[in-house]
Every structure is written in C-alpha cells, then in structure tokens.
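Colleague: Give me the fold of what follows.
(4 chains)
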Number of protein chains: 2
Amino acid sequence: MNERSVTLRDVAKRAGVHPATASRALNEETRARGLVNSDTVARVMQAARELNYSPDPVARSLKTRRSHTVGVLIPDLTNPLFPPIIRGIEDRLAQSGYVALLGNTDNDPDREKLVLSGMRTRRVDGLVLATARRRYSVLSELNMGDLPIVLVNRVVEDRALPSVATDDAAGIAMAVTHLVSLGHTRIAHVAGPQELSTGAGRLSGFIMAMEAAGLEVGSESITYAENFSVAAGTKCCRELVAHKLHPTAIVAGNDMLAIGCYQALEESGLKCPADVSVVGFNDISFSSRLSPPLTSVRFPHYQVGIEVAQLILERIQAPTAPTKVLFLPPELVVRGSTAKVATP
Amino acid sequence: MNERSVTLRDVAKRAGVHPATASRALNEETRARGLVNSDTVARVMQAARELNYSPDPVARSLKTRRSHTVGVLIPDLTNPLFPPIIRGIEDRLAQSGYVALLGNTDNDPDREKLVLSGMRTRRVDGLVLATARRRYSVLSELNMGDLPIVLVNRVVEDRALPSVATDDAAGIAMAVTHLVSLGHTRIAHVAGPQELSTGAGRLSGFIMAMEAAGLEVGSESITYAENFSVAAGTKCCRELVAHKLHPTAIVAGNDMLAIGCYQALEESGLKCPADVSVVGFNDISFSSRLSPPLTSVRFPHYQVGIEVAQLILERIQAPTAPTKVLFLPPELVVRGSTAKVATP
DNA sequence: CTGTTAGCGCCTTCAT
DNA sequence: ATGAAGGCGCTAACAG
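Modeller: Below you'll find the model as predicted:
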C-alpha cells in the first residue's frame, strides 16, 4: 500500500464530500471558525484516519506560500557553542510543525550571501542569524528586508532587529569582580573581533567594570583577536605575557580564546592559575573537564535556542509586531582556572 | 522589486517564447539532449539572468516529487561526535543542491517514529540514520522501505543497508596493542550498549585483540554501559575498580565512557595514567584538552559525513544500485591518559 | 454550510 | 524545435 498516493481527494471521496470541504474540515483554522458542519468534520476526519492521510506540505506550500521552514545561519556547527542553541531552536520549531534549515558560513561574507540566497530560494518563512556583524549590510544587499529575522547571540548597531542574547557587559563584570575579589589588579582582556557585537560588548563591559573597580585599563592590557578561535587566543596571550604589564589575570572574550591562553601560558612556562588566572565566556560543554577546569561566564544556551525559535515564530505570525530584544542573564561558574593572586 | 514574483512565465515572455520552451531551455537534462535550439537557449538564459530568476523549488517538487531534501536522524546534536559529521553531510549535500533536515531522537524509539514520519510527510528524498540499532524494525514498521537509506557509524545485523563507518574492531585492536606494548596485562573494557553495532563491534574487537595478545578475558574484565554517556561510564568504572581484577588499563567503548572513567578513578583516589591508563574511541574535539589528554581511536568524522552524503545522493539517483558498505580506517592518537604499567 | 472554479509555478505529454 | 494543454495536491474566492 503506497501511502504517498493518499490524497485529499481520496479522503473527500470516501467521506462523500467535495475536496474543498474536506480541506476545510481538516484545517484547524477554518474548522474552528465554524465554517463547516461538525457532522461532516467527523466524517472527514474519520475517513482521513482510515486512509492514514497526511497532507502534502509541498502542495500546501505552493498554495499558501509558506514553507514552514526557518533558515538558521551559523558560522560553524563544529563550534561547541552552537549545538545546544540549535537543539533548542529545533525543538521549539518542531512543536509548531516547523523545521530548521542549517547553513554554515564560516564567517565568510561570500558564503553568507550564497547560503542566504539559497534560503530565499527555498522560500524559508524566516531567518535566524548567529552571524550578524554590528553593521550588517548583507540583508539589504540581498533584498531580504521583508523576511522575518531574529538574531541570536548578536545585536546590530541600531538594535533594529529582534534578538536573543545574554548581557555581555554584565557577564564580563561578574568575571572582573570575581578576579578583583581574589586580589587581582593587573587584569588583561583578550578582546574578540570588534565588528561582532559580542566582541565589542564584552570589551566595553571590561573597561566599565575595571573602572568601577578603580583599576586602570592601559592600552597594554588589551589585545584584539582576529576571530574567536584558539589560535587567535594564543597569539593574543603571547603578546600579553611578553609585555611589561605582567598581568596576573586574563579575561578572555570567549572560551576558545581562553583555551588559546592556556596554550600560550604553557609555552611561556607560566602556570594557570598559580601565575595567571583565566576566565572564559560561554561555558561550552567539557570546559569543566579542561586542565585546569575553566572558570567561565555561562548563559543558558538551550534556552536561548528556545526563545529564539519562539520569537521567530511570533514574527512569522505577526511580521509587524514590535521588535523584541531579549537578554538572558549570565552567571559566573567558578572553577580551577582562577585563584588568589600570588603574594609577591 | 520583489523577486519572489519572478516566474518562469516572466522569463519566457521576455525571451519571447512559450513557458514550456523556457523550461526546457533552463533544464540541464532537456537542454543537453538537444531538445531545444541553442539560439533560444541563449536568449532564455539571458532573460533569466537579467530578471534574476530562480526556479521555485516548491512548485518543482510538486511536479517532480523530489524535495531535494535529506532527513538526518541523530541521537543528539549536542554529542560532540556529530557536529563534524553533520558538517560533512551538509557541505556535500549543498554541492548538489540538497539540504539536510536534522532530527534529534534522544535514542527514544517513540521520538524516532515521530521524527521519521515527520520526515516522510515532508517528502524527504532520502534518509541518513545515525540511530540504527542492530535489529532495526522501525523502518519497516513505518513502511519506509522504499526510501533510500544510508547508515552512519552503524551497521545492521544483516548488512542489508548501505553504510559508512569506521572499522570498530581494528580501532580497538590498536588500543589493545598499544596498551600491551606499554606492559599492561590486566586490561578491562567498558562496553557500550550491545544493541548498537558500535557497542557490539568494539566489544568483540576487544575480545579478539586480547586473545591475539594471549591475554585472558574474564567476565570480570568487562562491564556493560547502558548508553554512551559520561554517567554510564562512571558507573561501569566504579564496578571495575571495586572488583578483584584491579585492571591497570581500561579500554572504553567511546570517549564519553572514557570521561566517565576519569571521574570514577578520581573518586577512588586512583591516578590516570599513573595507576590506570584509559583509552577512548572517537577522539571528539577537545579530548586533547582534557585532563589528562585522552588517548583515543580517531576516525575522520568530517570525511565520514562527506561519504555518507555522497552515498545517499547516489542512492537517490539509482535506488537499486548495489548496497555499498564503506569503512574508513581508524588511527590511534596517543596522549597523556596512557602510560607504562607501574612496576609493582 | 457546501460545491464550483480557479490557480499557486512548474514540467511533461502530445501535437504541430 | 516549439506551442498548447493538463495536472501535481492543495486552498481561497465566490456562488449557491
């Protein structure tokens, strides 16, 4: 019995009604609006069940211009930050009969355009972007302004786009406060790329928190990573330890950079945390298993995914609804990579 | 200019031909068969380019009954084994204009059925399963026998399904040989779930390798994990160290179980590798950053993804082609979790 | 409340 | 080699 051939027509025939009526009977919306006799509804549903009917989403999409599909752009699935977020997104979308179409861009604007236009071609109903830069022209270039969009873990400069993220500045402040409470005063920052809101927000959060603690932030206490990678972190940390400041603690823009710091410290024969404390951001899985276990700013990744999906679904329903910008609170997870400053 | 409205008709009109002709001109197949004047082809392609036309995949699917979509079932995206495989799958699929629809099943047969029928409803052209058990009835139950299917990292009992995996037995043999060369004789195995081919294959590989090395495998040197999780590994390892065998080395069914062993060893005050060496399987990312860095059997995850995608695409093209079963070679990555046996 | 009609955008006979 | 016609399965507009 080939089920792919069970069509609405078959159901209608079996129920003794016109296909259109069957459609209305099976469609939540029209049924609820009382557009069809509850008697017929029963008969149609019965027939549908008997035939094991399931509507063809392709045909439906063609008519309704809705694909029940959301494009999700990320830099790289392999970055452990993303899987839990994606999981959240997919779980929430599934609840509403939607699916996610993943696209990896590797932070390459060309790939980005390629993937985006692919998504438009596939008629996605909405877009979730974890790839937005602070000034983000790609969307307008590709003429995708009309598509519902939500950002994850990013905000754009004018906050004109709905987004779900954590409060970067607050998170970094927790890290700084923690280090200060351990007696550190020479605290450095490995800043992420400044064209990303996370990079910029964490840097300015760092500066503010330092000032609030009455500590100076010289130019030699900040290095800029090209990207959020282990290699970049290593490079930055090398500069930091080579410099005259001799920081006793480093706040890294994220966990990757922090791991990079581990490596640079090892190279220079410095012990973490005995000589230098390190704090990361994101609390990716297994950071508790690193050596030493990484102190990091955590935010609820899976929940972020859920919220993002929720938001994009709302926007798909009501594209002109006000632009929500949602911040989920970070928390500091203290582990073995931070310790009291060594008394000199 | 709203591009979603550029239709084949528009292109045809601009080129001064009938839509059908335009269709033939733009379609690889028909064009190659010389069914259309090369002159008209040029005109049509020109027009298409000018209008920035891209065919509506939905409409096309309705007609051709091809969704250009592949369902990919995995237990949990959050397991670090999968992201690189998925990345490989998506990259290869994208090359051929296909996309992956991810489904997380959490190893729950009910969820599995749910996700699978969702995929069928969405008219996926093929299925990639990382969730297959050795005896896998779900497919026939759901009447999906007609759909092209490829397994990843799994084989089924009768090898009736095409698959891409690594040679589990060979990998484990490498681990055992390595430990033997370090002087270990009391080697234990934390076996994965036996209903999974990886669990079973690695166990039998372990037994064979031990016998080949002239070592005994008593029942007390093997424990069975309920699933491939850290918690299960801890539980198993606890049994192992409590027992009279006092193994000096443990071969874990995968990295998760190995990490679980780390934890149990810590609890009992045993040092790894000084007291007990541990070997994992999969070499998930960051295993080099664990404490101690994990010795593990690696296989090329990304490449596996590529091959899987390749295979499913082939099957979609030619569903009756012979059933390929592809094994990619494993290699042993030696790190800090294995050391010479302590001389008693 | 239900049936009729029409068409979403494309492809594929069947003629010409 | 091209045009005409029909239909994939569904739903929306309009009658009745």
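Colleague: With adjacent residues omitted, what lies nearest to the residue in chain A positioned nearest to chain B?
Modeller: Residue nearest to chain B within chain A: residue A:291 (3.1 Å; C-beta to the nearest C-beta). For glycine as for every other residue, the C-beta is placed from the backbone atoms N, C-alpha and C. In space, not counting the residues next to it along the chain, residue A:291 is nearest to residue B:291; the distance is 3.1 Å by C-beta to C-beta, 6 or more residues apart in numbering or on different chains.
Colleague: for residue A:182, same thing?
Modeller: residue A:340 is the one closest to residue A:182 (C-beta to C-beta, 6+ apart), at 4.8 Å.
Colleague: same thing with residue A:201?
Modeller: Residue A:201 sits nearest to residue A:168 (C-beta to C-beta, 6+ apart), 3.6 Å away.
Colleague: The one you found - how many residues pack around it?
Modeller: 27 (other C-beta atoms under 10 Å in any protein chain shown).
Colleague: For it, give me its contacts.
Modeller: A:197, A:198, A:201, A:202, A:205, A:281, A:330 (C-beta atoms under 8 Å, 6 or more residues apart in numbering or on different chains).
Colleague: Confirm for me that the last one is in contact with residue A:173.
Modeller: No: under the criterion of C-beta atoms under 8 Å, residue A:330 makes no contact with residue A:173, lying 9.3 Å away.
Colleague: neighbour-wise, which of the two wins?
Modeller: residue A:330 (25 against 21).
Colleague: Just list the residues touching the nearest residue to residue A:96 once chain neighbours are set aside, thanks.
Modeller: Distance criterion C-beta to C-beta, 6+ apart; nearest residue to residue A:96, sequence neighbours excluded, is residue A:313 at 5.6 Å. By C-beta under 8 Å, 6+ apart, residue A:313 lies in contact with A:92, A:93, A:96, A:98, A:126.
Colleague: from these, which would you call buried?
Modeller: A:92, A:93, A:98, A:126 (16 or more other C-beta atoms under 10 Å in any protein chain shown).
Colleague: Can I take it that the first one is in a strand?
Modeller: No: residue assignment for residue A:92, taken from DSSP: H, G, I helix; E, B strand; the rest coil, gives helix, which places it outside any strand.
Colleague: That one touches residue A:314, doesn't it?
Modeller: No: using C-beta under 8 Å, residue A:92 is not in contact with residue A:314; the gap is 11.2 Å.
Colleague: Could you pull out the helices in the stretch 1-150 of chain A for me?
Modeller: Assigned by DSSP state H, counting those that start in this stretch, the stretch 1-150 of chain A shows helices spanning A:8-15, A:19-26, A:28-32, A:38-51, A:57-64, A:82-95, A:109-121, A:138-141.
Colleague: again with the stretch 201-344 of chain A
Modeller: Using DSSP H, counting those that start in this stretch, helices in the stretch 201-344 of chain A cover A:230-242, A:255-267, A:301-317.
Colleague: for stretch A:231-248, which positions count as buried?
Modeller: By neighbour count on 16+ other C-beta under 10 Å, the buried set for stretch A:231-248 is A:232, A:233, A:234, A:235, A:236, A:237, A:238, A:240, A:241, A:247, A:248.
Colleague: cool, stretch A:260-279 as well?
Modeller: In stretch A:260-279, counting by 16+ other C-beta under 10 Å, buried: A:260-265, A:272-273, A:275-279.
Colleague: repeat for stretch A:293-311
Modeller: Counting neighbours by 16+ other C-beta under 10 Å, stretch A:293-311 gives A:293-302, A:304-311 as buried.
Colleague: how long is stretch A:217-237 from one end to the other?
Modeller: End-to-end distance of stretch A:217-237 (C-alpha to C-alpha, to the nearest Å): 16 Å.
Colleague: what residues does the stretch 51-200 of chain A put near DNA strand C?
Modeller: Residues of the stretch 51-200 of chain A lying near DNA strand C by C-beta under 7 Å from any atom of the strand: A:59, A:62, A:63.
Colleague: give me that answer again for 6 Å
Modeller: A:62, A:63 (C-beta under 6 Å from any atom of the strand).
Colleague: Show me the strands in the stretch 51-200 of chain A, by range?
Modeller: In the stretch 51-200 of chain A, the strands defined using DSSP state E, counting those that start in this stretch lie at A:69-74, A:99-104, A:126-129, A:149-152, A:163-166, A:187-191.
Colleague: Out of those strands, the one nearest residue B:105 is which?
Modeller: strand A:99-104 (14.5 Å; C-beta to C-beta).
Colleague: Against DNA strand D, how distant is the nearest residue to residue A:18 once chain neighbours are set aside?
Modeller: Distance criterion C-beta to C-beta, 6+ apart; nearest residue to residue A:18, sequence neighbours excluded, is residue A:12 at 6.1 Å. Taking C-beta to the nearest atom of the strand, to the nearest Å as the measure, residue A:12 falls 8 Å from DNA strand D.
Colleague: so where's chain A uncertain?
Modeller: Along chain A, the model assigns pLDDT under 70 to residues A:1-4, A:344.
Colleague: Residue of it closest to DNA strand D, please.
Modeller: At 2.8 Å from DNA strand D, residue A:8 is the closest residue in chain A, using C-beta to the nearest atom of the strand.
Colleague: so who does that residue touch?
Modeller: Per C-beta under 8 Å, 6+ apart, neighbours of residue A:8: A:19, A:22, A:23, A:26, A:53, A:55.
Colleague: before we move on, what about residue A:343?
Modeller: With C-beta under 8 Å, 6+ apart, residue A:343 has no contacts at all.
Colleague: burial count for the closest residue to residue A:151 other than its chain neighbours?
Modeller: In space, and not counting its chain neighbours, residue A:151 is closest to residue A:163: 3.8 Å by C-beta to C-beta, 6+ apart. By the criterion of other C-beta under 10 Å, residue A:163 has 26 neighbours.
Colleague: Residue A:163 contacts residue A:157, doesn't it?
Modeller: No: the pair residue A:163 / residue A:157 is not scored as a contact, 11.9 Å apart, by C-beta under 8 Å.
Colleague: picking that back up, going by neighbour count, which of the contacts of residue A:168 comes out on top?
Modeller: That'd be residue A:281 among those, by other C-beta under 10 Å, with 30 neighbours.
Colleague: what's across from it in the sheet?
Modeller: residue A:297 (DSSP bridges).
Colleague: Can you verify my assumption that residue A:213 contacts residue A:177?
Modeller: Yes: using C-beta under 8 Å, residue A:213 makes contact with residue A:177 at a distance of 7.1 Å.
Colleague: Enumerate every residue touching the residue of chain A closest to chain B.
Modeller: Residue A:291 touches A:262, B:289, B:290, B:291, B:292, B:293, counting by C-beta under 8 Å, 6+ apart.
Colleague: Please name the bridge partners of the third one.
Modeller: To tie it back to what came earlier, the one meant is residue B:290. With DSSP bridges applied, residue B:290 shows beta-bridge pairing to residue A:290.
Colleague: ok, now which ones touch it?
Modeller: A:286, A:289, A:290, A:291, B:259, B:262, B:337.
Colleague: 7 Å instead, please
Modeller: By C-beta atoms under 7 Å, 6 or more residues apart in numbering or on different chains, residue B:290 lies in contact with A:289, A:291, B:259.
Colleague: Next, count neighbours for the closest residue to the last one other than its chain neighbours.
Modeller: Here the nearest residue to residue B:259 in space, its sequence neighbours aside, is residue B:230; by C-beta to C-beta, 6+ apart that works out to 5.1 Å. The local packing of residue B:230 (other C-beta under 10 Å) involves 18 other residues.
Colleague: Enumerate the residues of chain A near DNA strand D.
Modeller: A:7-9, A:19-20, A:23, A:27, A:55-56, A:59-60, A:62-64.
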